[in-house]
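Asks: below is the sequence, then the predicted model.
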Amino acid sequence: MNLWSLAGAVVFGGVFALFAFCGADSIDSQTVRGTAAFFLFGFYCAIVIFATSGKKRSLSLPAQTLLGVALSCAVAAIFGASGEGYALAVVLGLILGFTADRWVAHVQLP
């Protein structure tokens, strides 16, 4: 496990635990929830961009896919999803994580 995988797992797991076990009702504002979800997605994008760019890849495809699932489950926990919402989050996370190599190729860093 490298630094990128560890950082993503800690952040996504911490946010998931905070909202899943403490309850999504602890934050009433939709703006705060949306901002937290946007921050998590940006953090995931940064991890994937910096870990897969360059000649040497430092994030494996399974780790990238698991981080995508963790991100989507954390966002589902933020918005207080039901069981079906978590199932959909897992499917979308698998798609997001597995195809990240394709959409990361279009991101241009300054």
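Replies: Perfect, I can see it now. Numbers count the residues shown, from 1 in each chain.
Asks: pLDDT averaged over stretch 47-63 - what is it?
Replies: Across stretch 47-63, the average pLDDT comes to 77.
Asks: taking the centroid of the protein, which residue is nearest it?
Replies: Residue closest to the average C-alpha location in the chain (CA atoms, centre = their mean): residue 71, at 2.3 Å.
Asks: any idea how far it lies from residue 55?
Replies: From residue 71 across to residue 55, the span is 26 Å (CB to CB, to the nearest Å). Placement of C-beta: from N, CA and C, glycine included.
Asks: with residue 105 instead?
Replies: On the measure of CB to CB, residue 105 and residue 55 end up 14 Å apart.
Asks: what of residue 11?
Replies: With the distance defined as CB to CB, residue 11 ends up 27 Å from residue 55.
Asks: returning to what we had before: higher neighbour count, residue 105 and residue 55?
Replies: residue 105 (10 against 4; other CB atoms under 10 Å).
Asks: before we move on, the earlier item: for the residue nearest to the centre of the chain, give me the pLDDT.
Replies: 88.
Asks: residues near residue 63, how many?
Replies: Neighbourhood size, residue 63 [other CB under 10 Å]: 20.
Asks: over to residue 35?
Replies: Look at residue 35: counted by other CB under 10 Å, it has 12 neighbours.
Asks: for whichever strand or helix holds it, buried residues please.
Replies: Residue 35 is part of helix 30-52, with elements assigned from DSSP states H and E. For helix 30-52, a neighbour-count test (16 or more other CB atoms under 10 Å) marks 33, 36, 37, 40, 43, 44, 47, 48, 51, 52 as buried.
Asks: distance check, the closest residue to the fifth one other than its chain neighbours against residue 81.
Replies: Which is residue 43. Closest residue in space to residue 43, ignoring its immediate chain neighbours: residue 11 at 6.1 Å, by CB to CB, 6 or more residues apart in numbering. Per CB to CB, residue 11 is found 19 Å from residue 81.
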